[in-house]
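J.: based on what follows, work out the 3D shape:
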Amino acid sequence: MADQVPPIIIIKKKGGHGGHHGGAWKVAYADFVTAMMALFIVLWLLNSTPQVKEAVGAYFSDPSGSGKLRGSASVGSGEALSVNKDNMENLKENLEQALKQSPDFEKLKDNVKMSVTGDGLRIEMLETEKGMFFQSGSPAPSEIGEELIVKLAQELGRLPNDLLIEGHTDAKPFGANTAYTNWELSSDRANSARRLMEKSGLRPGQVVQIRGFADRSLRDPADPDAASNRRVSVIVKYQNAPPPDEPTIEPAKPGEHGEPGEPVHPTEAKPAEHH
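T.: Got it, this is the predicted structure:
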């Protein structure tokens, strides 16, 4: 009987130490690094200023960047990063960029002036001889004026800052009607702008004061009749600024105005005469 060929036995050995663990350690290490990064971000936010926290929160609410102010918009929530003395210049630049998108920008670019002042950002709509933003001798906005006022309302309505609106005229007498003067016209134009802005994007109560100056605060004193003196100004006040024209009350010194410590009220100013 012929010798039988012994069967061939193949022995497969499992992988060594590296094969046993595979790449699992890489996943665990990546999770650890991610957790550490998240921890550092949380610790950084806890020690950040309120403005930074608001900006970061606004970014996660609006990552697409649809807001006009960097890190300020929050879609549908009405939240915004406040504008103060440190970043008011940024608001000015963003408003200028927004106005450049208007189809009438070339017509009005020389008649819209913005400047950062001690009160806040002043936005002035300067009239031309024929009237650009308001119909001549009327508080009714023109087509271009209405478009600009609505655009400003949409941009400024995102801010928590309060607004003041001023109306100004030149020194020319307002026709022969002595019952309706430059005082009424300047106040009515400011109020007309307020009404349009409030229904076009401003939040309730954002306008805190309306001022009508007539010809008492000329932009070009050297030429009182110049068209640029006829203007409506919107002032974006600094956040946490004191209310406009709020009288201060100081305690009286002992022996003055009655009992010791009795408050002294400022003398009321006499109303200005209208000329």
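
J.: residue ranges of the helices in the stretch 151-275 of the chain, please?
T.: 182-198 (DSSP state H, counting those that start in this stretch).

J.: contacting residues for Ser142?
T.: Neighbouring residues of Ser142 by CB atoms under 8 Å, 6 or more residues apart in numbering: 131-135. Where you see a C-beta, it was placed from the backbone N, CA and C, and this is true even at glycine.

J.: what subset of those is buried?
T.: Buried members of the contacts of Ser142, scored by 16 or more other CB atoms under 10 Å, are 132-134.

J.: between the contacts of Ser142, which sits nearest Ile149?
T.: Closest approach to Ile149 among the contacts of Ser142 (CB to CB): Phe133, at 7.8 Å.

J.: tell me the pLDDT at that closest one?
T.: For Phe133, the pLDDT comes out at 94.

J.: one more: His21?
T.: So, for His21, pLDDT stands at 58.

J.: coming back round to it: which one of the contacts of Ser142 is nearest to Thr34?
T.: Lowest distance from Thr34 to these (CB to CB) belongs to Phe133, with 55.0 Å.

J.: which residues in the stretch 151-275 of the chain form strands?
T.: Using DSSP state E, counting those that start in this stretch, the strands of the stretch 151-275 of the chain run over 163-168, 207-212, 231-237, 250-251, 263-264.

J.: any chance of CSV for these, columns distance to Glu147 and mean pLDDT?
T.: What follows is the strands of the stretch 151-275 of the chain, written out as CSV (distance: least, CB to CB, whole Å; pLDDT from 0 to 100):
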stretch, distance to Glu147, mean pLDDT
strand 163-168, 17, 97
strand 207-212, 19, 96
strand 231-237, 14, 96
strand 250-251, 48, 50
strand 263-264, 49, 43
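
J.: I'd like the ones you listed laid out as CSV, including distance to Ser102 and mean neighbour count.
T.: Below are those laid out as CSV (distance: least, CB to CB, whole Å; neighbours: other CB atoms under 10 Å):
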stretch, distance to Ser102, mean neighbour count
strand 163-168, 20, 24
strand 207-212, 22, 18
strand 231-237, 16, 23
strand 250-251, 49, 10
strand 263-264, 51, 12
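
J.: looking at these, spot the one closest to Ser187.
T.: Closest among these, using CB to CB: strand 207-212, at 3.0 Å.

J.: what's in contact with the closest one?
T.: In contact with strand 207-212 (CB under 8 Å, 6+ apart) are residues 162-167, 183-184, 186-188, 190-191, 194, 197-198, 237, 243-245.

J.: nothing else from me, thank you.
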